[in-house]
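1. Here is the input, now give the coordinates:
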Amino acid sequence: MNSGILAVAAQRDLRRALFDALDRAGYAQIHSARDLSHAAILLEGSAGQQPLQLLVLVLDGDEAQARSHCEQVRRLPGAATAPLIVVLADEASCSPADLPPGITDWLCARQIGTELVSRWRRAPTDTPTSPMKPAEVSGSVPGDWRCAFEEGDTEWLMVDVGSDSLIEVSPSVIRHSHLPASQWEGMALATAIQFDGEMSIKVLAEADRRWHPARRKSAQQYDTGQVNARRVRHGDRTALALQFRSDRADLGAEAALSLLSRIFASGSGIDTQAATGRLLFEELALDYLAVWSVRRDAADAPTQILQLCRGEHAEWPPAQMQGSLQMVLGGKSMRYRTDAAKLASMDPLLQQLDLAGFVGLPLFDERHTVLGAMLAGNRRGFAEMAVVEPVLRCAAARFARVLELERTREQGRAEGLVDALTGLPNRLLFNDRLETILREAIRNGECFAVLFVDLDRFKAINDTYGHATGDQVLRIVTQRLRSCIRASDTVARYAGDEFTIVLRHIVKNDDVLRVAEKIVQVMEASIFLDDGVELQVTVSMGVSFFPDDAGDAETLLKHADEAMYSAKHLGRNNFQIYEVSPEYAREHGMALKTRLRHAEGNGELRVVYQPQVDAQTEDIVGMEALVRWEHPELGMISPAVFIPLAEETGLIVSIGEWVMHTACRQAREWEQRYGLRLRLGVNLSAVQLMEPQLLEMVAKALRETGLDPTLLEMEITESISIKAAPNLVENLNALHRMGCHIAIDDFGTGAASLDYLRRLPADRIKIDQSFVRNIGVDPDDEAIVRATIEMAHRLNRAVVAEGVETEQHLQFLRTYQCDELQGYLFCRPLQPVSFDKMLTERQRLLDVRLAEPA
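-> Numbers count the residues shown, from 1 in each chain. Predicted coordinates for the structure are as follows:
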């Protein structure tokens, strides 16, 4: 018996070549690793049990790297005497003569397909393997509010609420006021910023980021402008951040030169254009700035690539109705110091914005072809056009240069970003789109899935029927993949016979699984070629989810790729979801336990929150705190895997205490920010319930975070036995006396009796999702749900239904008077930043509703 073959290669294409060569030779158990740490994790389960047959190591560096890597792979316990074949990559600077002793054989990368197996068959076998601990990774340190000082050259003044004095000001305050930093330090707020009348009390009390007229201290007494205020954290207390914008649009020559130097010191690209625009907007105290792009060889309307405007405007006139824009796009420059109102009759935009000063400049390329337009204006008029206009012209030249550079790159890369055979995005374009989708998902709190699709035994088609037939198969596969996804999704030809797909806006994971199953089924249909040949082409597919499996594009792709190889190992023609399975946990338990001991200290644990809503109003009334483990190598590990490990090792006590403090602190912060008294549900395991220090731990968390005990709800699973946890009833009663609520989780899956419910001080029963998901499918489960709701209400217990995913679930539970609901129909578990955005949006909608006339 043996534990298979280990192949280690940093380059993915070489890992694939190694896997294909060995797979074609009929060897089923192939461990494909990207580095030695990854190899150690893959081999963990077979330590001391079954030997490896072969080690294959790809080297791409110099002699020192070759010696180091060969020594490290030999240090894997059990790998010391296994045959070792070295593959020299094309970029390797070492020669075969540089290889250390103990190498069984070597070959070049291009020989993998033809030489690897034949050379290996001459090598000795029957040696064991063993694990290596994965490398430790360090955490990261979050930044603070000072990062705002670097954004857009905006003036910021940080105020200590207790003393009403300044803590710190941004460099732009010092530069614009011509006062030294020492003079600002500790200055009284009333001296630094002056408001009209009693307005200061209102502005500072509300801190709602609205703009108010004010004056800021300067070397020339005071500069007029506007101020807004917001609350921020400063150490362990609250501070106020005041943002000031000056009414001064009359830059002096010195300030203009400073502005120009900052504009031209930046790089190029979309982010730079936005930064340049913001810099102009703030420094010139503009009320409107827009940059447009136009293509003379296309029938498309002009495209707006940047717009900044003070105030809110419901609708903007279309580009063809903006007379000033059309004139500038025609190559005409426009400049009005204070009399732009005369343009109102021909331009509804200027009339709508009520601009007094206005400058419109064409964006020219080197051949004096118009690439676009820059429009700038303010409502007060420009004080000194002799200074302002050159600044705007230089900025317009900057915008034009960036725009021209982007178009040159587009033209040069157009064919290089699209696969010529299939018309799909290629690897470069797909990676770019994936990064964009990732940023949008992070910003909007959305979820998406990455699918890695590989054609099974495609090389045999090329070898048997020729590459022309292979190309025809790839085009048919492309059509079938496109037919399985939506317009908002992305499919790309990643390499050779590999395709990648991004499924966006995922509500529940089951939706992705249905698409994956559809792809497998569609691909099973025979392919009939032009010459009458019938082929059967199947796919192996791996799936990974954002944010559940990883938080970055590279890791998401890596996990989907690994899941795809799992599908191949399971016989091909199927799909597999990336996961660290309970079986993997059993096989690799020691390594996971060791890593779990350091997870909290390394910042690998996360707390996510899933809302609970009122069944009738659908307004949020509570949330459940759920712990997640983001392993640096394996990605997100399911609680079903690591919680049993934590209970087995006793780590559940320290992890539970960390979760309790983290969740209580977050709940208290949201209570203060939004005035919502949301109930916080925190799970307790049987091990925690038997802990003598449980009550003190909970009391300490409440005391240190300031959370009201009546907002904390302890969730215990129905399967916990009173006999197995002798202090269960006593501890729960004590928690109840503290003011905490008690909920019985996963109700219906254990062996609880009415007597069990009667003896426990439960306030709420949570119906397990396995019953809820069968509403509309299984009449027996529907009967169980109805009976549970009725029984709980008779016992004066509230009811929460978990796993609510469809409107049918919602209507059924409403009909039978379920109190609260939790599930993907409303929201999946969210990271704190996404949960905060949801609460912000709720508050905005509530404010709009209250502002509506009765």
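2. List the contacts of W670.
-> By Cβ atoms under 8 Å, 6 or more residues apart in numbering, the contact list for W670 reads L676, L678, F835, D836, L839. The C-beta positions use only the backbone N, C-alpha and C, and glycine is treated the same way.
3. which parts of whichever helix in the chain runs longest are buried?
-> Counting residues, the longest helix in the chain under DSSP state H turns out to be helix 385-413. Neighbour counts using 16 or more other Cβ atoms under 10 Å place 385, 387-389, 391-392, 395-404, 406 of helix 385-413 among the buried residues.
4. Compute the inter-axis angle for the helix or strand following it and helix 385-413.
-> Next helix or strand after helix 385-413 toward the C-terminus (DSSP states H and E): helix 427-444. Counting by axes from the mean of the first three to the mean of the last three Cα atoms, to 10 degrees, helix 427-444 lies at 130 degrees to helix 385-413.
5. contact partners of helix 427-444?
-> 416-418, 425, 446-448, 450, 490, 492-495, 500, 502, 504, 546-547, 552-553, 556-557, 837.
6. repeat that with 6 Å
-> L417, F448, T490, A492, Y494, T500, V502, F546, A553 (Cβ atoms under 6 Å, 6 or more residues apart in numbering).
7. Model confidence for the first one, exactly?
-> Residue-level confidence at L417 comes out at 76, pLDDT.
8. That one: what's it in contact with?
-> L428, L429.
9. ok, now how distant is it from R337?
-> Separation of L417 from R337 (Cβ to Cβ, to the nearest Å): 46 Å.
10. can you check the last one too?
-> When Cβ to Cβ is the yardstick, A553 and R337 sit 49 Å from each other.
11. out of those two, which sits in the more crowded spot?
-> A553 (21 against 16; other Cβ atoms under 10 Å).
12. number of nearby residues for the closest residue to the more buried one other than its chain neighbours?
-> Nearest residue to A553 in three dimensions, chain neighbours excluded: L434, at 4.7 Å (Cβ to Cβ, 6 or more residues apart in numbering). L434 has 23 neighbouring residues, counting by other Cβ under 10 Å.
13. which regions of the stretch 651-800 of the chain lie under the pLDDT threshold?
-> Scanning the stretch 651-800 of the chain with the threshold set as pLDDT under 70 gives 718-726, 748-757.
14. What segments of it are helices?
-> Taking DSSP state H, counting those that start in this stretch, the helices of the stretch 651-800 of the chain run over residues 651-674, 686-689, 694-705, 728-738, 754-759, 769-772, 779-794.
15. next one: the longest one to chain centre, how far?
-> Meaning helix 651-674. The chain centroid and the centroid of helix 651-674 are separated by 22 Å, computed with Cα atoms, centre = their mean, to the nearest Å.
16. Buried residues, that helix. List them.
-> For helix 651-674, burial by neighbour count (16+ other Cβ under 10 Å) applies to 651-653, 655-664, 666-671.
17. Equivalent analysis for the fourth one, please.
-> Judged by neighbour count (16+ other Cβ under 10 Å), helix 728-738 contains these buried residues: L728, N731, L732, A734, L735, H736.
18. Nearest to C309 among those residues?
-> Nearest to C309, judged by Cβ to Cβ, of these is L735 at 54.1 Å.
19. show me the contacts for the closest one.
-> With Cβ under 6 Å, 6+ apart, L735 has these contacts: M714.
20. mind checking how far it is from N727?
-> Taking Cβ to Cβ, one finds L735 at 11 Å from N727.
21. what do you get for C740?
-> As for C740, its distance to N727 is 16 Å (criterion: Cβ to Cβ).
22. what do you get for M838?
-> For M838, the distance to N727 equals 38 Å [Cβ to Cβ].
23. With R439 instead?
-> When distance is defined by Cβ to Cβ, R439 is 49 Å away from N727.
24. Between these two, which is the more surrounded one?
-> Neighbour totals were compared for R439 and N727, and N727 leads with 14 against 11 (other Cβ under 10 Å).
25. Leaving out chain neighbours, which residue sits closest to the more buried one?
-> M690 (5.9 Å).
26. residues touching L529, list them.
-> By Cβ under 6 Å, 6+ apart, the contact list for L529 reads Q472.
27. again, only using 10 Å
-> By Cβ atoms under 10 Å, 6 or more residues apart in numbering, the contact list for L529 reads Y465, A468, T469, Q472, V473, I476, L535.
28. Just checking, which helix or strand of this protein averages the lowest pLDDT?
-> strand 127-128 (a mean of 34; mean pLDDT, DSSP states H and E).
29. Neighbouring strands of whichever helix or strand comes after it in the sheet, and parallel or not?
-> Next along the chain after strand 127-128, taking DSSP H and E as the criterion, comes strand 155-160. Paired with strand 155-160 in the same sheet, following DSSP bridges, are strand 165-169 (antiparallel), strand 237-246 (antiparallel).
30. Can you flag the weakest of these by average pLDDT?
-> Per-stretch mean pLDDT for these is lowest at strand 237-246 (a mean of 83).
31. hmm, back to that, so how far is P761 from the residue nearest to N727?
-> With distances taken as Cβ to Cβ, M690 is found 17 Å from P761.
32. got a list of what S654 touches?
-> Neighbour list for S654: R597, E600, A646 [criterion: Cβ under 10 Å, 6+ apart].
33. Return the closest of the residues you listed with respect to G277.
-> G277 lies nearest to E600 out of those, by Cβ to Cβ, at 43.4 Å.
34. thinking again about what came up before, from the contacts of L529, pick the one nearest Q65.
-> Comparing these against Q65 with Cβ to Cβ places V473 closest, at 39.8 Å.
35. Does that closest one belong to a helix, a strand or coil?
-> At V473 the chain is in helix, as set by DSSP: H, G, I helix; E, B strand; the rest coil.
36. where in the stretch 451-600 of the chain is pLDDT low?
-> In the stretch 451-600 of the chain, residues with pLDDT under 70: 580-589.
37. for it, what spans make up the helices?
-> Assigned by DSSP H, counting those that start in this stretch, the helices in the stretch 451-600 of the chain fall at 458-465, 467-484, 509-524, 553-569, 582-587, 589-599.
38. thinking again about what came up before, need the strands paired with strand 155-160 in JSON lines with distance to S540, can you?
-> JSON lines is the format used below for the strands paired with strand 155-160 (distance: least, Cβ to Cβ, whole Å):
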{"stretch": "strand 165-169", "distance to S540": "57"}
{"stretch": "strand 237-246", "distance to S540": "53"}
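39. quick one on the thing from earlier: residues shared between the contacts of L735 and N727?
-> Both L735 and N727 are contacted by L689, L694, under the criterion Cβ under 10 Å, 6+ apart.
40. So what's the predicted local confidence for Q304?
-> 90.
41. The nearest residue to it once chain neighbours are set aside pairs with what?
-> In space, Q304 comes closest to W292 once its chain neighbours are excluded; the distance is 5.5 Å by Cβ to Cβ, 6+ apart. The bridge-partner assignment for W292, based on DSSP bridges, gives Q304, A373.
42. Would you quantify the distance from W292 to A79?
-> Applying Cβ to Cβ, the value for W292 to A79 is 63 Å.
43. Ok, V848 next?
-> 65 Å.
44. Same drill for those two, tell me which one is more crowded.
-> A79 (22 against 9).
45. Helix, strand, or coil at that one?
-> Look at A79: counting by three-state DSSP, its state is coil.
46. how close does it get to V58?
-> Distance of A79 to V58, given as Cβ to Cβ: 16 Å.
47. next one: D365
-> For D365, the distance to V58 - Cβ to Cβ - is 47 Å.
48. Looking at these two, which one has more neighbours?
-> Neighbour totals were compared for D365 and V58, and V58 leads with 22 against 16 (other Cβ under 10 Å).
49. Which residue is the nearest non-sequential neighbour of the more buried one?
-> Nearest non-adjacent residue to V58, counting by Cβ to Cβ, 6+ apart: A9, 3.7 Å away.
50. Contact partners for that neighbour?
-> Going by Cβ under 10 Å, 6+ apart, A9 touches 15-19, 32-35, 56-60, 87, 89, 109, 112.
51. repeat for A743
-> Counting by Cβ under 10 Å, 6+ apart, A743 touches 622, 624, 679, 681-683, 713-716, 762-766, 797-798, 800.
52. re earlier: are any of the contacts of L529 buried, and if so which?
-> Looks like the contacts of L529 have Y465, T469, Q472, V473, I476 buried, using 16+ other Cβ under 10 Å.
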